[in-house]
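**Student:** Here's a sequence, model it:
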Amino acid sequence: MTKGRILVVEDDADISNMLRIYFSGQGYDVQVAPRGSQALAMTRQQIPHLIVLDIMLPDMDGYSVCKELRTTTRTSHIPIIFLTQRDERSDKIAGLELGADDYITKPFDIEELRLRVQGAIRRAERESLTDPVTGLAAGRLIEDQLRKLLRSKSWAYMDLRINHFDAFNEVYGNIAGHEVLRFVALLMNEVVETTGTTDDFIGHAISDNFVIITAEPNAQAVQQLLTKRFAEEVGSHYAFPDRQRGHLLVPQPDGSDRKEPFMTLAIGIVSDTTHSFADIREITELAAEARRQAGASAR
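**Tutor:** Numbers count the residues shown, from 1 in each chain. Have a look, this model is predicted:
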């Protein structure tokens, strides 16, 4: 099981390859971007658990990349560690003021960087900022976004749940289950990138439950594309015999097998254009009820 996904933004091939090899050996999934613009595009497609960001890049400096990440709702929570040759106090302060979580100067001790990476990821998880499996915004950040909705206009809150996920997890195990959760997180990012805006929010509430906040006019398009793509692509997570059979067989204590359908995605949507809300619980409860009704209609 991977410890998390790290994006290394570094144009020096020797350094980026060294970091990729080292952190891959430590159990992380490592991606490399040699340019700031490429890093921003990759991050919008797939949220990393942490970014190691060089300040000196060929197309835009690391400060600009950090500012863009921090001012984009979907990426604002990602821990960032600056990596630079500069050792000036003013440079460090500038980076930290932009929202970087840490700062390390070249030449660096790889063990020290490992501990800083490990600490930043654990701190984000401990403070309920990110989900340890998907890297998406979690608990406290979801609550903060919900409170913002009470002061906003023309928004849609989407409650997503993977139906029959528990049965899949029971048969295939937690590692396969985590792959499904990461697949959904990636799918959500791709769909929102296609049909939403940079102000949209994506969160992982708990286990098989996710959240999207988007502009109300975009909600139906997001829902339709997500449902369509999930149905088309989720089959790849099942073994060939199960795909041939068309359902899952879950072993029972008495030696029999219980039939379970393949996973589906149920989505409930609520909006301030159709309802008035006094507190965040009303939003989440109404969205969950809409999602349950959508699941029942699909069945």
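
**Student:** Tell me, what's the model's pLDDT at residue 160?
**Tutor:** In this model, residue 160 is scored at 97, pLDDT.

**Student:** Would you mind giving both backbone torsions of it?
**Tutor:** Backbone torsions for residue 160, taken as degrees, to the nearest 10, come to phi -110, psi 140.

**Student:** Tell me who's in contact with it.
**Tutor:** Neighbouring residues of residue 160 by CB atoms under 8 Å, 6 or more residues apart in numbering: 184, 188, 209, 210, 211, 212, 226, 265, 266, 267, 291. Quick note: C-beta positions are derived from backbone N, CA and C, even for glycine.

**Student:** contacting residues for the closest residue to residue 79 other than its chain neighbours?
**Tutor:** Spatial nearest neighbour of residue 79, chain neighbours left out: residue 120 (4.1 Å); criterion: CB to CB, 6 or more residues apart in numbering. Neighbour list for residue 120: 50, 79, 81, 101, 102 [criterion: CB under 8 Å, 6+ apart].

**Student:** try 6 Å this time
**Tutor:** Contacts for residue 120 (CB atoms under 6 Å, 6 or more residues apart in numbering) come out as 50, 79, 101.

**Student:** my read: the last one touches residue 78, true?
**Tutor:** No - with contacts defined as CB atoms under 6 Å, residue 101 does not count as touching residue 78, sitting 9.1 Å away.

**Student:** need the longest helix for this protein.
**Tutor:** Of all the segments of type helix in the chain, defined by DSSP state H, the longest one is helix 174-195.

**Student:** quick one, phi/psi of residue 266?
**Tutor:** phi -100, psi 130.

**Student:** Which parts of the chain are strands?
**Tutor:** For the chain, the strands defined by DSSP state E cover 5-9, 29-33, 50-54, 80-84, 102-105, 155-163, 201-206, 209-215, 248-251, 257-260, 264-271.

**Student:** And the ones you listed: which comes nearest residue 149?
**Tutor:** Closest to residue 149 of the strands of the chain is strand 155-163 (CB to CB; 5.5 Å).

**Student:** Grab the CA positions of that closest one and hand them over as PDB.
**Tutor:** C-alpha atoms of strand 155-163 as PDB (Å, rounded to 0.1, in the frame of the first residue of the first chain):
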ATOM      1  CA  TRP A 155     -24.200  26.900  -5.500                       C
ATOM      2  CA  ALA A 156     -24.900  23.100  -5.700                       C
ATOM      3  CA  TYR A 157     -23.800  20.600  -3.000                       C
ATOM      4  CA  MET A 158     -23.300  17.100  -4.300                       C
ATOM      5  CA  ASP A 159     -23.300  14.000  -2.000                       C
ATOM      6  CA  LEU A 160     -21.700  11.000  -3.700                       C
ATOM      7  CA  ARG A 161     -21.600   7.400  -2.400                       C
ATOM      8  CA  ILE A 162     -20.300   4.200  -3.900                       C
ATOM      9  CA  ASN A 163     -23.100   1.600  -3.600                       C
END
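
**Student:** so how far is it off the chain centroid?
**Tutor:** Remark: strand 155-163 is offset 15 Å from the chain centroid, using CA atoms, centre = their mean, to the nearest Å.

**Student:** same check, this time on stretch 232-247
**Tutor:** Mean-position distance between stretch 232-247 and its chain equals 25 Å (CA atoms, centre = their mean).

**Student:** mind checking the end-to-end distance for that stretch?
**Tutor:** End-to-end distance for stretch 232-247: 15 Å, by CA to CA, to the nearest Å.

**Student:** List the contacts of it.
**Tutor:** So stretch 232-247 is in contact with 180, 248, 259, 261, 263, going by CB under 6 Å, 6+ apart.
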